[in-house]
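Chemist: Fold the following, please.
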Amino acid sequence: MASFLQWLKESIKQQGSHVCVGLDPDVSKMPKLEGTLPEQLLEFSSAIVDATASPNHACIYKANFAFWLACGAEKELTQLVSFIQSERCLPVILDAKFGDIGNTAVKYAKAAFERFTASGLTVNPYLGPGTLQPYLDYGPTKAIFVLSHTSNLDAAIFQEKCYCSTTSEPLFVKVAREAVALRTENTASVGLVMGATFPQQIGEFENWIEDWNPSAIPLLLPGIGKQEGDLEATVALASRYPFVVNSSRGIIHASSEADFAKVAGQKAKELCDDINKALR
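Modeler: Below is the predicted model:
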């Protein structure tokens, strides 16, 4: 079985796309559908996948756990992940931002990778490098995306500060350094979450870290669309990495009418084309 990193690179190449579609279904913005609320979330999201996967507009999906958990749709989320990975043959990241220590981290890892069968997972490293180990133990077919520099506007308050008196290295670089150092050929892949609202910070890694190997570090880049991240600057600095640009609301809720899936496909294509144009 291919590693997550190999799968992602092949998916990007095969689809001709760096688009990650965020599956964060907001009930208040969905068209009226039949069935229970969990069933509606599954129907809605499956239609989005159908409209964005087969036309080669998306190479990966990111399901935001909170939107499904709040609606009691854990079973439907599992079905959706299986559909995307087994039938569409595209990877799925579970966006849960789990972060804890010891047996709790072990259980979070088990939930993400066994119960929900996700290929990737966003994780919060605030408790230290040891909190990442249970996820890494699942091996190369899985991946973690460590929060390094997030896309929210007040992220810099903590993440760009320098907390060591002997160096001016910002915290987000320290986090990336420590996280990537944990990766071996037998662990899960280690990627980073880097907000497109702070594109210049992507270029900081190679200024601070020797032997930095961008080709082995997948980047998940949120913040394009509603958060108004800078796509061209982000792509220019991320182009040496296996990167994916996430868009959620700007794609899946571009229409709240019966044509929602068709419009979502159009928006995904537009983003795909814009990214590819920026790469030329």
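Chemist: residues in contact with the helix or strand L220 falls within?
Modeler: Per DSSP states H and E: L220 is located in strand 219-221. Identification of contacts with strand 219-221 by C-beta atoms under 8 Å, 6 or more residues apart in numbering yields 20, 62, 93, 122, 145, 191-196, 202, 229, 234, 238, 241-246. Placement of C-beta: from N, CA and C, glycine included.
Chemist: Now with 6 Å, please.
Modeler: Applying C-beta atoms under 6 Å, 6 or more residues apart in numbering, the contact partners of strand 219-221 are 145, 192-194, 196, 234, 238, 241, 243-245.
Chemist: mind listing the strands for this structure?
Modeler: Secondary structure of the chain (DSSP state E): strands at 19-23, 60-64, 92-98, 120-123, 143-149, 189-194, 219-221, 243-247.
Chemist: Need those in a markdown table (columns: mean neighbour count, mean pLDDT and distance to L80).
Modeler: A markdown table is the format used below for these (neighbours: other C-beta atoms under 10 Å; pLDDT from 0 to 100; distance: least, C-beta to C-beta, whole Å):
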| stretch | mean neighbour count | mean pLDDT | distance to L80 |
| --- | --- | --- | --- |
| strand 19-23 | 28 | 98 | 7 |
| strand 60-64 | 25 | 98 | 7 |
| strand 92-98 | 24 | 98 | 8 |
| strand 120-123 | 27 | 98 | 15 |
| strand 143-149 | 26 | 97 | 19 |
| strand 189-194 | 26 | 98 | 21 |
| strand 219-221 | 26 | 98 | 19 |
| strand 243-247 | 27 | 97 | 17 |
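Chemist: Output those as JSON lines; include the columns distance to K269.
Modeler: Converted to JSON lines, these look like this (distance: least, C-beta to C-beta, whole Å):
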{"stretch": "strand 19-23", "distance to K269": "9"}
{"stretch": "strand 60-64", "distance to K269": "16"}
{"stretch": "strand 92-98", "distance to K269": "20"}
{"stretch": "strand 120-123", "distance to K269": "24"}
{"stretch": "strand 143-149", "distance to K269": "25"}
{"stretch": "strand 189-194", "distance to K269": "24"}
{"stretch": "strand 219-221", "distance to K269": "18"}
{"stretch": "strand 243-247", "distance to K269": "12"}
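Chemist: My guess is H253 contacts M30. True?
Modeler: No - at 7.7 Å, H253 does not count as touching M30 under the criterion of C-beta atoms under 6 Å.
Chemist: How many residues are close by E87?
Modeler: By other C-beta atoms under 10 Å, the residues close to E87 number 11.
Chemist: which ones are touching N56?
Modeler: Contacts for N56 (C-beta under 6 Å, 6+ apart) come out as 15-16.
Chemist: looking at the chain, which helix or strand is least sure?
Modeler: helix 156-159 (a mean of 86; mean pLDDT, DSSP states H and E).
Chemist: List the contacts of that one.
Modeler: 149, 171-172.
Chemist: again with stretch 194-211
Modeler: Contacts of stretch 194-211 (C-beta under 6 Å, 6+ apart): 148-151, 169, 173, 177, 212, 219, 221-224, 227, 229-230, 233-234, 237-238.
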